[in-house]
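Asks: based on what follows, work out the 3D shape:
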Amino acid sequence: MQLWPDEYEDLRPEMRTASSAAAEVMNRPQDPDLSVEARVAQQRAIMSALAEPRDDAIEQEIAGVPCRLFVPDGPPRGVYLHFHGGGMILGDPAMNDAGNHDLMTRHQLAVVSVDYRLAPEHPHPAGPEDGETVAAWLIEHARSEFGTSRLLTGGESAGGYMAAITLLRVRDHLGAVERFVGANLVFGVFDWGRSPSQRGIRPSTGADMLSPEGIVFFTECYLPGRSDDERRDPTVSPAFADLSDMPPALMTVGTADHLLDDTMVLAARWAAYENEVDLHVLPDAPHGFYMFEDAELSRRHHRRVHDWFTAVLARP
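Replies: Next comes the predicted model:
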């Protein structure tokens, strides 16, 4: 079972170098005496400083949920329902402006990125409820508002989780999962009960922007007072759900990522339920590797994503 092509081997040292530099920025020591609220505020400030918002994004409420949109000049070929990352406690749609604008221009997609509610102020199920609310609106209004009823979804990290859990809620609550023709799930959190890699058992010793301690922190913010088994409830952790009737998916993760096992398990179970899945594993790539613009493995990932969108949108 070969998870990546031989040609990736020579690209591993470059990725490890980029990972080490990024981890130094993201894994800054924190005062252990900080309150939960102060620690979250500190991390949000770091994340916000990394964002590069675009002036052409459209701020719009959809069914009462704030969203950030990119709409192409001509008729869209589909609507991409996007969710940002941040461990369910950080981030906002503007942090993905560059990538979402690129999807709009390359694939003639309307992009709707959801500014879902965050923990600890709004723990589970607030975020997934917002995702379902926007998805339900798109199911009903996408054609009249954007000129197409074709829907896709995706996201990075917690955004990958949000995309997967939204699909499950659309299937189970709305009976309309067939309206989604694809899911782009990038190193998501799919087992909130802490998979082996989340606990630090990884096949790579490369630097990562996540740590077992950090994962425990954002998990406790999002799912306070629950045991690991309770956090594996299928309505919380997609890896433990019935995955029948899911759309074709591209799932991407690196072997240095502390969320490696989440994607590996979800991809295998997605396929076992007879859904189409394209698994892309990158050796020594950490969490957030797609931001390393000068690393060839990151460029290979971006090409793989665009090839996948091209193929999905070419289907009848």
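Asks: please, where are all the strands along the protein?
Replies: 58-62, 65-70, 78-83, 109-114, 151-156, 180-186, 249-254, 277-282 (DSSP state E).
Asks: parallel or antiparallel, list what pairs with the longest one.
Replies: Each strand that strand 180-186 pairs with, and the sense of that pairing, follows from DSSP bridges: strand 151-156 (parallel), strand 249-254 (parallel).
Asks: export these to TSV and tack on distance to residue 260?
Replies: No exception for glycine: its C-beta is placed from N, CA and C like everyone else's. Listed next are the strands paired with strand 180-186 as TSV, based on distance: least, Cβ to Cβ, whole Å:
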stretch	distance to residue 260
strand 151-156	15
strand 249-254	5
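Asks: looking at these, which is nearest to residue 15?
Replies: If you check each of these against residue 15 by Cβ to Cβ, strand 249-254 wins as the nearest, at 7.8 Å.
Asks: what about this structure, any weak spots by pLDDT?
Replies: 24-30 (pLDDT under 70).
Asks: now the helices for it?
Replies: 12-26, 36-50, 97-107, 126-146, 158-169, 212-222, 228-231, 260-272, 296-313 (DSSP state H).
Asks: out of those helices, which one sits most buried?
Replies: Of all the helices of the chain, helix 158-169 has the most neighbours on average by mean count of other Cβ atoms under 10 Å, namely a mean of 28.
Asks: and that one, what does it pack onto?
Replies: Contact here means 3 or more Cβ pairs under 8 Å, 6 or more residues apart in numbering; DSSP states H and E; on that basis helix 158-169 packs against strand 78-83, helix 126-146, strand 151-156, strand 180-186.
Asks: let's see it at 10 Å
Replies: strand 78-83, strand 109-114, helix 126-146, strand 151-156, strand 180-186, helix 212-222, strand 249-254, helix 260-272 (3 or more Cβ pairs under 10 Å, 6 or more residues apart in numbering; DSSP states H and E).
Asks: can I get these in CSV with distance to residue 11?
Replies: Formatted as CSV, these follow (distance: least, Cβ to Cβ, whole Å):
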stretch, distance to residue 11
strand 78-83, 28
strand 109-114, 29
helix 126-146, 34
strand 151-156, 21
strand 180-186, 19
helix 212-222, 27
strand 249-254, 12
helix 260-272, 18
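Asks: which one, of those, ends up nearest to residue 296?
Replies: strand 249-254 (13.5 Å).
Asks: that closest one vs helix 260-272, what angle?
Replies: 160 degrees (axes from the mean of the first three to the mean of the last three Cα atoms, to 10 degrees).
Asks: quick one: strand 249-254 to helix 12-26, angle?
Replies: 80 degrees.
Asks: ok, back up a step: now distance to residue 1 too, for the helices of the chain, in TSV please.
Replies: Converted to TSV, the helices of the chain look like this (distance: least, Cβ to Cβ, whole Å):
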stretch	distance to residue 1
helix 12-26	19
helix 36-50	36
helix 97-107	30
helix 126-146	33
helix 158-169	23
helix 212-222	26
helix 228-231	28
helix 260-272	11
helix 296-313	19
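Asks: so for residue 79, which of those helices sits nearest?
Replies: That would be helix 126-146 among these, by Cβ to Cβ, at 5.1 Å.
Asks: what helices or strands is the closest one leaning on?
Replies: strand 58-62, strand 65-70, strand 78-83, strand 109-114, strand 151-156, helix 158-169, strand 180-186.
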